[in-house]
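> one predicted model, sequence on top.
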Amino acid sequence: MKQLLAFIRKEFYHVFRDKRTLLILFGLPIAQIVLFGFALSSEVKNIGIAVLDNAHDATSEQIVDRIKTSSYFLFKDPVLNLTEIDEKFKEGSIKCALLFPANFGNELGRSGKAQVQIITDASDPNTATIVVNYLTAILANYQQQLNPTARLPYEIIPQVRQLYNEEQNGSLNFIPGVIALIFMIVCTTLTSVSIVREKELGTMEILLVSPFKPVMVLVAKAVPYLVLSVVNLIIILLLSVFLLHVQIKGSLILIFAESILFIITCLSLGLLISNQTNSQQTAMLMSMMGMMLPTLILTGFMFPLENMPWIFQAISHILPSRYYYIIIKAVMLKGLGFSYVWKETLILLAMALFLLAVALKNFKIRLS
Amino acid sequence: MKILRFILRKEFLQIFRDKTIIAMMFAVPIIQLVILPLAANFEVKNINVAFVDNDHSTYSQKLVSKIASSGYFRIVGNSASYREALKMIEKSKADIVLEIPAGFERSLVREGRQQVNMSVDAINGTKASIGGAYLTVVIADFNRSLDVNTKAPDNKVAALSAIIDITYSDWFNPHKEYKYYMVPGILVLLLTLIGGFITALNIVREKEIGTIEQINVTPIKKWQFILGKLIPFWFVGIIVFTVGLIAMYVVYGIFPKGSIPLLYLFASVYLIALLGFGLLISTFSNSQLQAMFVAFFFMMIFMLMSGFFTSIDSMPNWARQMSNLTPVTHFIKVVRLIVLKGSGLSQVKMELFYLIGFAIALNSFAIYNYKKTN
């Protein structure tokens, strides 16, 4: 026990000596949380719009005023013809244009029907869809005002309720993902690199010939990274609660227990990688490209999983981070209990045990 | 000049000896361009709807089939109670629960209005807002087609005195295909990774192995060493860019609408800026691990802020300023403009000035910070 403590202390020294890496380790989650929380949002705002008003009458101006009062649009200088619209699209300064034909108001008054045209920049398809929705709503609203008596005699009115996220906070989806990503970096990448470094420098031999049990060497390696991960988890949770005002709805104990399970899975992965390689560079490449990229892409927190081809969805089933993400999302954001996530937990547990067993079995205590 | 030539030869030899770099030059762009656009698809389709039909009437069934046939939604269940439907949301099997209250048809016919309750899983913001909006549109449409409305003697809709008829046209991407938006962005991502990471790692490796000291004691000057490092990687970058452009055309059929020399002009300047950034990172790091983490940290922030995933216009003011301070933002914008809309130099010249500015600033800082002596 005393030996183990001494070894763990040695490993902590290693970790704390590299100030820059340490800084990045704590800086990364903080930067991500701040960016996701405050800078990035899926809501579309400040949409550049240009109006080509060939009518210049009271009606068209009223509509333009309506759009101006909506906080979503940002008015650019009025344009005179389609070429100018094209020019603005090509500069990237507007996302949509609204065209009133000549005699718009007259026609609307006389024949009761008039056309407007919405041109969108569909090179960004989702934004284009949302912009059209906004504009259509404003125009429909105006039309309603022109026809105050017209109302459908029978109407179904949808009452919309936003579950779990009344304020439509865009960052919610990302928090569990950021946690999973950080665990992957700290546990898998750093652990594998730190073990391989000992191999590269030749100090591994010294550790192996010491009276200390080889498995304990690994345990001592893993402990500091486990501690770092838990500290990072606490930081992320604190930031989410106090900076982003995200409510943690489920049980904290469950979150921590599941996290430790995932950390052990990541550590085993790191160990497995370090068994396979002899150079830091390969270890880094394997853990970054082989583990972290799939985590980023296929877990479902950055890109929607259900839109992916079946083969990617199949691959995502063998990623531990997928299950961890589901669990944390359910517990932290939806406030569900263990009875909802036991299946995912079981899968994660099986993965952890399997990886750990393989890693320990492959751990060579002799030099080649 | 002669010295520089020798250094260049050494660097090129080293690059071509290293099979991983060769693989990275050709395999990575193709893999990324094939995999990422398939994965990074933010199109909102197949919104899963669970029903709770407490009414079991003709109208409620008509509403359900109307929603099912609208094309946006997938009916995933017809639950007996709201509680049961909520379970489907909890298990992420459903995105929206539509609850039709008991007596729906009766009170619709008798009183003329009736509510239905829509509960949206709002954790995924985009899907929630787009899905909710679609469903509202479908219901509004359903209202208009209700036979009590079309047959009603006092139908005021037909008598609307003023109708604004909206026509739409979607420019540049009439079918609103998501890949057109994503693929050029991924091309930029590619160039960024190659430019930023490889240079940083390469120079730090010389530091770690100790060969940098050997170079330092030779009469090679600082600028010669740095140029010797940058020029080969600039070529690697241009090759990767070319491979990427070809892959973009072969795999996705996307051919740049604008001028290709203009694209290369921007790519060249962008690469210089990025190589300078990689160099800067290498001057701050002592080990490859450090260089990799520092590079990863900044790349992550650059990519997130660059408008690759989310629109820059929607960001708050401070974030927009910050995003303007990264070269990636400008290059992504330019590549999308040139490839998708065919913008010319006069329309994007501001971005060129920005990129030239970054190239000069990053490289001078890197050269200033690079010390021959320890």
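Nice, thanks for sending it over.
> just give the nearest non-adjacent residue to A:Val341, would you?
Nearest residue to A:Val341, sequence neighbours excluded (C-beta to C-beta, 6 or more residues apart in numbering or on different chains): A:Ile327, at 4.6 Å. C-beta here means a position set from N, CA and C on the backbone, and glycine is covered the same way.
> oh sorry, the question was meant for B:Gly237
Distance criterion C-beta to C-beta, 6+ apart; nearest residue to B:Gly237, sequence neighbours excluded, is B:Leu271 at 4.3 Å.
> next one: B:Phe284
Nearest non-adjacent residue to B:Phe284, counting by C-beta to C-beta, 6+ apart: B:Val294, 6.5 Å away.
> again with A:Gln115
For A:Gln115, ignoring the flanking residues on the chain, the nearest one in space by C-beta to C-beta, 6+ apart is B:Asp165 at 4.8 Å.
> quick one: the one you found is in a strand?
Yes. Assessed by DSSP: H, G, I helix; E, B strand; the rest coil, B:Asp165 belongs to a strand.
> for it, give me its contacts.
Residues in contact with B:Asp165, defined by C-beta atoms under 8 Å, 6 or more residues apart in numbering or on different chains, are A:Lys113, A:Ala114, A:Gln115, A:Val116.
> the closest residue to the first one other than its chain neighbours: what's it in contact with?
The one in question is A:Lys113. Excluding its sequence neighbours, the residue lying closest to A:Lys113 (C-beta to C-beta, 6+ apart) is B:Ile163, at 4.9 Å. Applying C-beta under 8 Å, 6+ apart, one finds that B:Ile163 lies in contact with A:Gly112, A:Lys113, A:Ala114, A:Gln143.
> can you select the buried ones from those in PyMOL?
Buried subset of those, written as a PyMOL selection, criterion 16 or more other C-beta atoms under 10 Å in any protein chain shown:
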select buried, chain A and resi 114+143
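> now secondary structure and pLDDT too, for the contacts of B:Ile163, in CSV please.
Listed next are the contacts of B:Ile163 as CSV, based on DSSP: H, G, I helix; E, B strand; the rest coil; pLDDT from 0 to 100:
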residue, secondary structure, pLDDT
A:Gly112, coil, 78
A:Lys113, strand, 80
A:Ala114, strand, 84
A:Gln143, helix, 82
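> for the stretch 1-150 of chain A, what spans make up the helices?
A:2-17, A:19-34, A:58-69, A:82-91, A:104-110, A:125-146 (DSSP state H, counting those that start in this stretch).
> quick one, strands of the stretch 51-200 of chain B?
Applying DSSP state E, counting those that start in this stretch to the stretch 51-200 of chain B gives strands spanning B:73-79, B:96-100, B:113-121, B:163-171.
> out of those, deepest packed?
Of all those, strand B:96-100 carries the top mean neighbour count, a mean of 25, counting by mean count of other C-beta atoms under 10 Å in any protein chain shown.
> hang on, isn't A:Ser70 packed against A:Leu135?
No. In this structure A:Ser70 lies outside contact range of A:Leu135 using C-beta atoms under 8 Å: 9.2 Å.
> more crowded one of the two?
A:Leu135 (24 against 13; other C-beta atoms under 10 Å in any protein chain shown).
> beta partners for the residue lying closest to the more buried one once chain neighbours are set aside?
Closest residue to A:Leu135 apart from its sequence neighbours, by C-beta to C-beta, 6+ apart: A:Ile118 at 5.5 Å. For A:Ile118, the beta-bridge partners are A:Leu98, B:Tyr168 (DSSP bridges).
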